[in-house]
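1. what's the 3D shape of this:
(2 chains)
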Protein chains: 2
Amino acid sequence: MASRMSEHTARAILSIASEPGDEKLGALIGEHGANQALEMIQSGQVSGAVVKRVREVMESKALEHSMNRLASCGGRFIIPSDDEWPALLDDLDTSAPVGLWLKGTANLKVVTEKSLAVVGARASTSYGERVASEVGALAGQAGVCVVSGAAYGIDAAAHRGALATEGYTIAVLACGVDVAYPAAHAGLLTRISESGLVVSEAPPQAKPHKRRFLVRNRLIATLAQSTVVIEAALRSGSLSTANWANALGRDVWGIPGPVTSATSAGVHAGIRDGVMNIVSEISDVIARFNTELDLKNDLHDPLQNCVLKIIQETGATTETLILKINQARDVIVDSHEIHSVLAILELRGLIERTATGWRCR
Amino acid sequence: MASRMSEHTARAILSIASEPGDEKLGALIGEHGANQALEMIQSGQVSGAVVKRVREVMESKALEHSMNRLASCGGRFIIPSDDEWPALLDDLDTSAPVGLWLKGTANLKVVTEKSLAVVGARASTSYGERVASEVGALAGQAGVCVVSGAAYGIDAAAHRGALATEGYTIAVLACGVDVAYPAAHAGLLTRISESGLVVSEAPPQAKPHKRRFLVRNRLIATLAQSTVVIEAALRSGSLSTANWANALGRDVWGIPGPVTSATSAGVHAGIRDGVMNIVSEISDVIARFNTELDLKNDLHDPLQNCVLKIIQETGATTETLILKINQARDVIVDSHEIHSVLAILELRGLIERTATGWRCR
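-> Residues are numbered from 1 along each chain as shown, chains lettered A, B, ... in the order given. Predicted structure coming up:
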């Protein structure tokens, strides 16, 4: 029966039944195709944990259940023969995903044509978050998609920087695309899927666990032409992403921080060991894409306009700006958004930093 | 007459009459010896600005005057045939100093057997000064001499870190060893000469000027096995020291800082361009000397004891510590000294950093 299944259905079953990164399964599919691989597993021609899991899936309503969940969150399941499948994933060879579960409005192949993975510490410092937000904003402005993991700290700041500049961003999760993890980022994940994509190798409702995070990291590295690490302690998971990117021959960048900061120690070690190139100017990370910084010159943007006006009138520290903007516009603006606007205005040469804040040029 | 002069006298005259780094003069001395070189210059067998300057020196009391000044500040003039002349200087070939004017109690050859040049921004940040002070303290503890330029900022912090741990330190000046430059560092220079050395290629009373600073930088790099750069803006003079050290085949280290700090941009560029190795742990700079960190285990040191007691009792931020120590000991202690003591106690494993300050382990 399996041989009459569509390639999509066969891969969905295998995706549900296997753990991401199963190279033995990848090799089997590579040799025989997903349909025949599934048949061989069912008929006991191969061994391993996947045999029992496939039978469980086939004998249960797991597939139907996953597809219903996917439909109810407006998601889709894509496989290598789909137009949307990015060629970048072929670099993973036998450890490439069996299929990808997606939720969101962007086209994965299109947005990853210029994409930058931004990874780093969950327990980040305000310095790291500020830099991540600027990197995200610069990427967004330059039409480079920000790929990250939606975790606390650096990940979230990078996604937010991209969103604030209306850039594309992709959250690659270790759980199902319908699971908000961390729960506090449910709103962020919704915003990401509204303009970008939430991506996972695991089926809907899958829970995150440790192995999945490590395997997820390789997917983040694979879905981007370059990876930049902003704050990572020694033995941080972000370094696994950097190592994956390096092994795939992608550009890997490390943003330095104070030598006294344990949160930057992994980045410094990576630079020392030649895994990463040091970033001496944040914009260098974007310049690699050989793209003109496509800076918006839209002074009708109300927030940009408001920020510029306040700086013109009085000069201001970032903290004062946030206060004044919230007074002036009678809405609460996320400080990440302000940082992004400041980064854009700075790049456009309209404002410059002072010892204490900002002034017009 | 010149041929009957001592080699010392001939070189002193040439040192007074020439500008440091005069390669043509260096080649002449290399070929004929200082005595005959002086005779050739006097008799007009060579050309150049040095001819007029040598005549002026010979016809005036400049030599006597310099020697009197040197004697009155307790200094000495050394030349390559002296026991105290370090072999390190031979690496400069024809641009090696004609002689060196020294003031201080240390033996130049002995202290530069293990020596680390610490250079960086005059307009440093508190972060950079803290790191420089720690590097100086670690070097002092490890018996590695700190070579620097006695300038504001990084230089002064490095010297002070070494002095606070009773380590050797050398200030290489662009002016005479009897000139306090900058004037605000007169006290620091006195402290340096009391246990270490103040060194110059220029004779007593020489004023510093721009060219002399650049030539002085090469001497700093030459007098150390390794050079570490802590904070340097793009096009900073410290980078010339790093380039000299690199050209001489010495180890060159760069200590990273925030990518957003213009004061670290020159260091990051140097690391990117392969001029410097990134420092991921401050102690790595010292470990290069293959020396056991010869940490003092002297709990009779009253300041160490006092700092440890306060941390044991209450835990403390560095700022609180400084306040409490000054209350407890009824003396004003330099914050650099506290930083050095903290670095030593940390290295000895007696205290550790917390998010806000320090605690006992």
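2. Quick one: list the elements packing against the biggest helix by length in chain A.
-> If you go by DSSP state H, chain A has its longest helix at helix A:23-42. Helix A:23-42 sits against helix A:7-17, helix A:49-59, with contacts defined as 3 or more Cβ pairs under 8 Å, 6 or more residues apart in numbering or on different chains; DSSP states H and E. Bear in mind the C-beta positions are built from the backbone N, C-alpha and C, glycine included.
3. Not counting that helix itself, show me its contacts.
-> By Cβ atoms under 8 Å, 6 or more residues apart in numbering or on different chains, the list of residues contacting helix A:23-42 from outside reads A:2-3, A:5, A:7, A:10-11, A:13-14, A:18, A:46, A:48, A:50-51, A:54-55, A:58, A:79, A:93-96, A:98.
4. Return the member of the helices and strands packed on helix A:23-42 having the minimum mean pLDDT.
-> Ranked by mean pLDDT, these bottom out at helix A:49-59, which scores a mean of 93.
5. for that one, which positions count as buried?
-> Buried residues in helix A:49-59, counted by 16 or more other Cβ atoms under 10 Å in any protein chain shown: A:50, A:51, A:53, A:54, A:57, A:58.
6. Grab the nearest non-local neighbour of the fifth one.
-> The spatial neighbour of residue A:57 that comes closest, neighbours along the chain excluded (Cβ to Cβ, 6 or more residues apart in numbering or on different chains), is residue A:17 at 4.6 Å.
7. got it, and the second one?
-> Leaving out its chain neighbours, the residue that sits closest to residue A:51 by Cβ to Cβ, 6+ apart is residue A:41, at 5.6 Å.
8. can you check the third one too?
-> Distances taken as Cβ to Cβ, 6+ apart place residue A:17 nearest to residue A:53, at 4.1 Å, with adjacent residues excluded.
9. Tell me who's in contact with the one you found.
-> By Cβ under 8 Å, 6+ apart, residue A:17 lies in contact with A:50, A:53, A:54, A:56, A:57.
10. Among those residues, find me the one that's closest to residue B:356.
-> In terms of Cβ to Cβ, no member of the contacts of residue A:17 lies closer to residue B:356 than residue A:53, at 49.0 Å.
11. The closest one reaches residue A:22, doesn't it?
-> No - using Cβ atoms under 8 Å, residue A:53 makes no contact with residue A:22, being 10.2 Å away.
12. Assign a three-state SS to the residue in the stretch 51-200 of chain A that chain B sits nearest to, would you?
-> Nearest residue of the stretch 51-200 of chain A to chain B (Cβ to the nearest Cβ) works out as residue A:127 at 5.8 Å. Per DSSP: H, G, I helix; E, B strand; the rest coil, the local secondary structure of residue A:127 is helix.
13. Quick one, which of the helices and strands packed on helix A:23-42 gets closest to residue A:116.
-> Closest to residue A:116 of those, according to Cβ to Cβ: helix A:7-17, at 26.6 Å.
14. pull the CA atoms of that closest one into PDB?
-> What follows is helix A:7-17, C-alpha atoms only, in PDB (Å, rounded to 0.1, in the frame of the first residue of the first chain):
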ATOM      1  CA  GLU A   7       5.800  11.200  -1.800                       C
ATOM      2  CA  HIS A   8       4.500  13.900   0.500                       C
ATOM      3  CA  THR A   9       2.500  11.400   2.700                       C
ATOM      4  CA  ALA A  10       5.400   8.900   2.900                       C
ATOM      5  CA  ARG A  11       7.800  11.700   4.000                       C
ATOM      6  CA  ALA A  12       5.300  13.000   6.500                       C
ATOM      7  CA  ILE A  13       5.000   9.600   8.100                       C
ATOM      8  CA  LEU A  14       8.800   9.200   8.100                       C
ATOM      9  CA  SER A  15       9.200  12.700   9.500                       C
ATOM     10  CA  ILE A  16       6.700  11.900  12.400                       C
ATOM     11  CA  ALA A  17       8.300   8.500  13.000                       C
END
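15. so which two of the buried residues of helix A:49-59 are the farthest from each other?
-> It's A:50 and A:58 that sit farthest apart of the buried residues of helix A:49-59, by Cβ to Cβ, at 12.0 Å.
16. Can you pull up the residues of the stretch 1-150 of chain A that come close to chain B?
-> By Cβ under 8 Å from any Cβ of the partner chain, the residues of the stretch 1-150 of chain A that approach chain B are A:127, A:130, A:131.
17. Residue A:345: helix or strand, and which one exactly?
-> helix A:335-347 (DSSP states H and E).
18. tell me which residues in that helix are buried?
-> By neighbour count with 16+ other Cβ under 10 Å, helix A:335-347 contains the buried residues A:335, A:336, A:337, A:338, A:339, A:340, A:341, A:342, A:343, A:344, A:345, A:347.
19. which ones are touching the fourth one?
-> By Cβ under 8 Å, 6+ apart, the residues touching residue A:338 are A:307, A:318, A:321, A:322, A:325.
20. The first one now?
-> Taking Cβ under 8 Å, 6+ apart as the definition of contact, the neighbours of residue A:335 are A:318, A:322.
21. Check it and give its pLDDT.
-> Taking residue A:335 on its own, its pLDDT is 71.
22. roughly how far apart are it and residue A:183?
-> Noted for residue A:335: a distance of 22 Å to residue A:183, by Cβ to Cβ, to the nearest Å.
23. Then the third one?
-> As for residue A:337, its distance to residue A:183 is 22 Å (criterion: Cβ to Cβ).
24. Tell me how far residue A:78 lies from residue A:204.
-> From residue A:78 to residue A:204 the distance is 14 Å (Cβ to Cβ).
25. More neighbours: which of these two?
-> Remark: of residue A:78 and residue A:204, residue A:204 carries more neighbours, 24 against 20, as counted by other Cβ atoms under 10 Å in any protein chain shown.
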